[in-house]
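Enquirer: mind folding the following:
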Amino acid sequence: MRSSSKKRYALVGTGNRGATMWGKELVEGWSDEVELVAVCDLNAMRAKRALEYIGASVPVYTDFDALLRTEKPDLVIVCTRDSTHDDLIVKAMEAGANVISEKPMTTTVDKIKRILDVEARTGKRLDISFNYRFAPTSAKIKELINSGVIGDVTSVDFHWYLDTSHGADYFRRWHAFTENSGSLFVHKATHHFDLLNWYLDSDPETVAAFADLKHYGRKGPFRGERCRTCRYKDECNYYLDISATPLLESLYEDPSTVDGYVRDACVFREDIDIPDTMVASIRYRNGVNVSYSLNTYMPIEGHHIAFNGHKGRIELRQYEKQKWTTPPADEIVVMKNFGDVERIWVPHSSGGHYGGDDRLRDMLLRSGPNDELKQRAGSRAGAMSVLCGIAALQSSRTGQQVSVADIWGADGGLNLLELRP
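Expert: The predicted structure follows:
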């Protein structure tokens, strides 16, 4: 018999995200609720390095099936490449575990259907780590929309900016290939599409998008294999010295001798096949129209979002990183068509994503927090955000509007579009 009511969890994927948010931070901050019992990674050296960082002494597995048979975890946390999520989720649930998956839930329609099917068959639960829902500004905006202060929302302006550090990083790593990530329309924008779905309490219906590779990949001025060995390191603005970040050096440099995966691959590799400049127009089932964009080589990090309604407008400009000082709070401006302007300052909270990471972990792992704003996101939310991204990528490649219902199809399986959140 178990001597504790703690959830026994296994961490699968020991890269930076797994080792930090779902590794060291979870073990140190939520030890009253969870107990790490094993880690799994195809690269045993990386897994061992991650364990050293986490400060735990548990078994290391390279065989996920063996981990499930031996450890029998209550919970599996998936932090691997996006394209592998479905296999791990299916195996974990069939073995009797609940699952928390990093976003995106997966990358293709068929993989979405596999996940929904196993969840329905096993009765286990899948949570998606949509931490942006839990950021204080996001919660406040949701409250304002729900209050009806601007009436029914009719349209949304939503623009996300990744700077030349964060944005470039996607082109250094495995994310740079559609096969792995589904493109940034899926990997990164799944956060943004999920926020829209949640804010509007509706589903994307039709997507029309444009996307190009304008800055990285074959459009760049230099060519190299990786930064560490590149002859252009003294003149390339995108040179990255991972030795300056001990955790990255530990998790990726020596372990690269095992699997060949380097953390500082050239952002100008000619075989990169994802776009870096993206725009989309999205029509929602409730009639709301959205104008969206994502750019990956900006001098700023953050986003701008505005909700237009019959009675006014809610607007936020959130700065996450920039070359000037900003207040330790975000300003939400509520403008009424025939009334006063209200300026609401939302203070930043400690922890990642202005406190969103901690609030997410509290919701998923601690009993007690209510969910009045419906911030907890399950498989349906994960599916709808991925479907929006798949539709956007398909539209950008075909030049045609894409219906989410059409890409989902009617094959007699689970009808996602008829399920309510």
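
Enquirer: what are the ranges of the helices in the stretch 101-250 of the chain?
Expert: With DSSP state H, counting those that start in this stretch, the ranges of helices along the stretch 101-250 of the chain come out as 109-122, 136-147, 166-172, 178-181, 189-200, 246-248.

Enquirer: residues near the spatially closest residue to T107 that is not a sequence neighbour, how many?
Expert: In space, and not counting its chain neighbours, T107 is closest to G182: 3.7 Å by Cβ to Cβ, 6 or more residues apart in numbering. Any C-beta I mention is one placed from the backbone N, CA and C, and that applies to glycine too. G182 has 25 neighbours, counted by other Cβ atoms under 10 Å.

Enquirer: dump the residue contacts of G182.
Expert: Counting by Cβ atoms under 8 Å, 6 or more residues apart in numbering, G182 makes contact with D82, S83, P104, T107, T108, V386, G389, I390, L393.

Enquirer: for the longest helix along the chain, packing partners?
Expert: Scanning the chain for the helix with the most residues, using DSSP state H, yields helix 379-398. If you count contacts as 3 or more Cβ pairs under 8 Å, 6 or more residues apart in numbering; DSSP states H and E, helix 379-398 packs onto helix 109-122, strand 126-128, helix 189-200, strand 204-212, strand 277-284, strand 402-403, helix 404-408.

Enquirer: at 6 Å instead, please
Expert: Counting contacts by 3 or more Cβ pairs under 6 Å, 6 or more residues apart in numbering; DSSP states H and E, helix 379-398 packs against helix 109-122, helix 189-200, strand 204-212, strand 402-403, helix 404-408.

Enquirer: what's the most buried one of these?
Expert: Among those, helix 189-200 has the highest mean neighbour count (mean count of other Cβ atoms under 10 Å), at a mean of 24.

Enquirer: hmm, back to that, quick one: which of the helices and strands packed on helix 379-398 is nearest Y319?
Expert: Closest to Y319 of those, according to Cβ to Cβ: helix 189-200, at 16.7 Å.

Enquirer: what mean pLDDT would you report for that closest one?
Expert: The average pLDDT within helix 189-200 is 98.

Enquirer: list the helices and strands that helix packs on?
Expert: In terms of contacts (3+ Cβ pairs under 6 Å, 6+ apart), helix 189-200 is packed against helix 379-398.

Enquirer: let's see that with 7 Å instead.
Expert: Judged by 3 or more Cβ pairs under 7 Å, 6 or more residues apart in numbering; DSSP states H and E, helix 189-200 is in contact with helix 136-147, strand 153-163, strand 289-298, helix 379-398.

Enquirer: can you put the ones you listed in a markdown table and add mean neighbour count and distance to R228?
Expert: Listed next are the helices and strands packed on helix 189-200 as a markdown table, based on neighbours: other Cβ atoms under 10 Å; distance: least, Cβ to Cβ, whole Å:
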| stretch | mean neighbour count | distance to R228 |
| --- | --- | --- |
| helix 136-147 | 18 | 38 |
| strand 153-163 | 20 | 22 |
| strand 289-298 | 20 | 22 |
| helix 379-398 | 24 | 32 |
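
Enquirer: so which of the contacts of G182 comes closest to N308?
Expert: Distance to N308 across the contacts of G182 (Cβ to Cβ) is lowest for G389, with 23.7 Å.

Enquirer: what sits against the residue nearest to A10 when sequence neighbours are not counted?
Expert: Nearest non-adjacent residue to A10, counting by Cβ to Cβ, 6+ apart: P73, 4.2 Å away. The neighbourhood of P73, defined by Cβ atoms under 7 Å, 6 or more residues apart in numbering, consists of R8, Y9, A10, V37, A97.

Enquirer: narrow the residues you listed to those in strands?
Expert: If you go by DSSP state E, these have R8, Y9, A10, V37 in strands.

Enquirer: and the buried ones among the residues you listed, selectable in ChimeraX?
Expert: Applying 16 or more other Cβ atoms under 10 Å to those leaves a buried subset, and the ChimeraX line that selects it is:
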select :8,9,10,37
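
Enquirer: would a markdown table of the ones in strands among the contacts of P73 with pLDDT be doable?
Expert: As requested, these are exported to a markdown table (pLDDT from 0 to 100):
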| residue | pLDDT |
| --- | --- |
| R8 | 98 |
| Y9 | 98 |
| A10 | 98 |
| V37 | 98 |
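
Enquirer: want to throw the ones in strands among the contacts of P73 into TSV with distance to C227?
Expert: Below are these laid out as TSV (distance: Cβ to Cβ, whole Å):
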residue	distance to C227
R8	40
Y9	35
A10	33
V37	37
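
Enquirer: ok, the ones in strands among the contacts of P73 vs Y61, which is closest?
Expert: Taking Cβ to Cβ as the measure, A10 is the one of those closest to Y61, at 8.3 Å.

Enquirer: isn't that closest one right next to D74, touching?
Expert: No - contact between A10 and D74 fails when scored by Cβ atoms under 7 Å: they sit 9.1 Å apart.

Enquirer: re the thing from before, and the ones in strands among the contacts of P73, which two are furthest apart?
Expert: By the measure Cβ to Cβ, R8 and A10 form the most distant pair in the ones in strands among the contacts of P73, at 7.8 Å.

Enquirer: between these two, which contacts overlap?
Expert: Taking Cβ under 7 Å, 6+ apart as the criterion, R8 and A10 both touch V37, P73.

Enquirer: pLDDT (mean, whole number) over stretch 390-406?
Expert: pLDDT averaged over stretch 390-406 gives 97.

Enquirer: and that stretch, how far from the chain's centre?
Expert: 21 Å (Cα atoms, centre = their mean, to the nearest Å).

Enquirer: would you mind pulling the contact partners of it?
Expert: By Cβ under 7 Å, 6+ apart, stretch 390-406 touches 109, 182-183, 185-186, 204-211, 275, 280, 387-388, 407, 417.

Enquirer: got the end-to-end distance for it?
Expert: 12 Å (Cα to Cα, to the nearest Å).

Enquirer: kindly report the same for stretch 159-178.
Expert: Stretch 159-178 end-to-end distance (Cα to Cα) = 22 Å.

Enquirer: list the buried residues of that stretch.
Expert: Neighbour count says stretch 159-178 has 159-164, 167-178 buried, by 16+ other Cβ under 10 Å.

Enquirer: good, we can wrap up now.
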